[in-house]
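> Need a 3D model of the sequence below.
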Amino acid sequence: MNKPHHTRGKVILAGAGPGDPELVTLKTVRYLQQADVVLTDRLVSNELLEAHVPERAQIVYVGKQCRRGASTPQETINELLVEYALQGKLVVRLKGGDVSVFSNILDELHTLVEHQIPYEIIPGVTAALGASAYAGIPLTARGYTKAVRLLTCYKSDVITDAYWEELARTDDTLVFYMSSETLDHIVTNLVQRNIAADKWLAIAEQATTSLQHVHITSLYEYERTLKGREFISPAIVIIGKVVRLYEQFQWRANSNSREHYFKPLVRQDIDEPATNGLLRHGELPQHIPAADDTAHQPVLLPASAAVVQTNTGPQAENAVKEHEHVSRA
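Numbers count the residues shown, from 1 in each chain. Down below sits the predicted model:
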């Protein structure tokens, strides 16, 4: 006798845009309003969630942060997608920026196909486009450049010497994701290879949010002006002739606040379980203290989830939120 099949729900892989909660597609908003469960990245505006996710829905924070051990493992995210979908739920996997640019979508697609779970992919405004638009920097422009390259240099050995030579010579606009901590390395490699002096650098911190701050400099002045500075995540790097247009077309004033729009992740103080199985929500209650302790109920955390700092920025705690356990008020 055949075993009964699980009732399969559906997973929506959707981009939330780069920060501004209004930079989201109508289709993504519709699915958020219909969702039973939302698995959301760290780089998603809490205003977006508050505006469009219904009270009945469960929000699971599965944040990642480059080079931080506090990040939620991809395996855990994959397990959550399967677990909720096999319960027959509509699951929105909400990613910052666009859903398929530097987003680990491939792992999640493999998982969904393996378990025969229906899915849709909804694009979003990727950080390169959001940051350049909100800085008044066109990524391509007649007389400046005909192409743009989306890159990452999250560690110093991901780009070969031969490719550095090509990057220094090309007239393409270069946009680096997840690379603010290696910016000294990027500039050094381009300058050592005699990149043209009319190609400038912009770094946009927390682009498109109310805390956006854009820095621009000549690559050959970088050592004097910006070298060694710590930039607030997320920060997008733009290099090319078009950066010089910022001074002419910038339309948004810089914020001088050093507040984090998206809270940084910190490791929670809970040991990983001995089993590789998914820890069910509710097995390990963990109370997150707040400034007004009486205004918050305990939040339940899976042991493999990451947590955000509770004392900076306007973002919600990075924890599993079920409205029977924690108020959204």
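
> just so I have it, where are all the helices in this protein?
Using DSSP state H, the helices of the chain run over 26-34, 46-52, 74-85, 105-114, 127-135, 161-169, 183-192, 222-225, 246-249.

> from the chain's centre, how far out does the last one sit?
Helix 246-249 sits 27 Å away from the centroid of its parent chain (Cα atoms, centre = their mean, to the nearest Å).

> how about it: buried residues?
Neighbour counts over helix 246-249 (16 or more other Cβ atoms under 10 Å) mark Y246 as buried. C-betas here are computed from N, CA, C, even on glycine.

> Which elements pack onto that helix?
Helices and strands touching helix 246-249, by 3 or more Cβ pairs under 8 Å, 6 or more residues apart in numbering; DSSP states H and E, are strand 213-218.

> State the paired neighbours of the strand it packs on in the sheet, together with their directions.
Strand pairing for strand 213-218, using DSSP bridges, gives strand 200-205 (antiparallel).

> quick check: angle from the partner strand to helix 127-135?
Comparing the axes of strand 200-205 and helix 127-135 via axes from the mean of the first three to the mean of the last three Cα atoms, to 10 degrees yields an angle of 100 degrees.

> what is the orientation angle of strand 200-205 with helix 183-192?
Going by the same axes, to 10 degrees, strand 200-205 makes 170 degrees with helix 183-192.

> rewinding a little: okay if I get the helices of the chain as a markdown table plus mean pLDDT and distance to A14?
Compiled in a markdown table, the helices of the chain are given as follows (pLDDT from 0 to 100; distance: least, Cβ to Cβ, whole Å):
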| stretch | mean pLDDT | distance to A14 |
| --- | --- | --- |
| helix 26-34 | 98 | 4 |
| helix 46-52 | 97 | 11 |
| helix 74-85 | 96 | 13 |
| helix 105-114 | 97 | 11 |
| helix 127-135 | 98 | 16 |
| helix 161-169 | 97 | 32 |
| helix 183-192 | 97 | 30 |
| helix 222-225 | 96 | 37 |
| helix 246-249 | 97 | 30 |
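
> Distance of the nearest residue to L43 once chain neighbours are set aside relative to E259?
Leaving out its chain neighbours, the residue that sits closest to L43 by Cβ to Cβ, 6 or more residues apart in numbering is G96, at 3.0 Å. According to Cβ to Cβ, to the nearest Å, G96 and E259 sit 18 Å apart.

> Of the two, give the one with the bigger neighbour count.
Using other Cβ atoms under 10 Å, the more surrounded residue of G96 and E259 is G96, with 25 against 13.

> No further questions, thank you.
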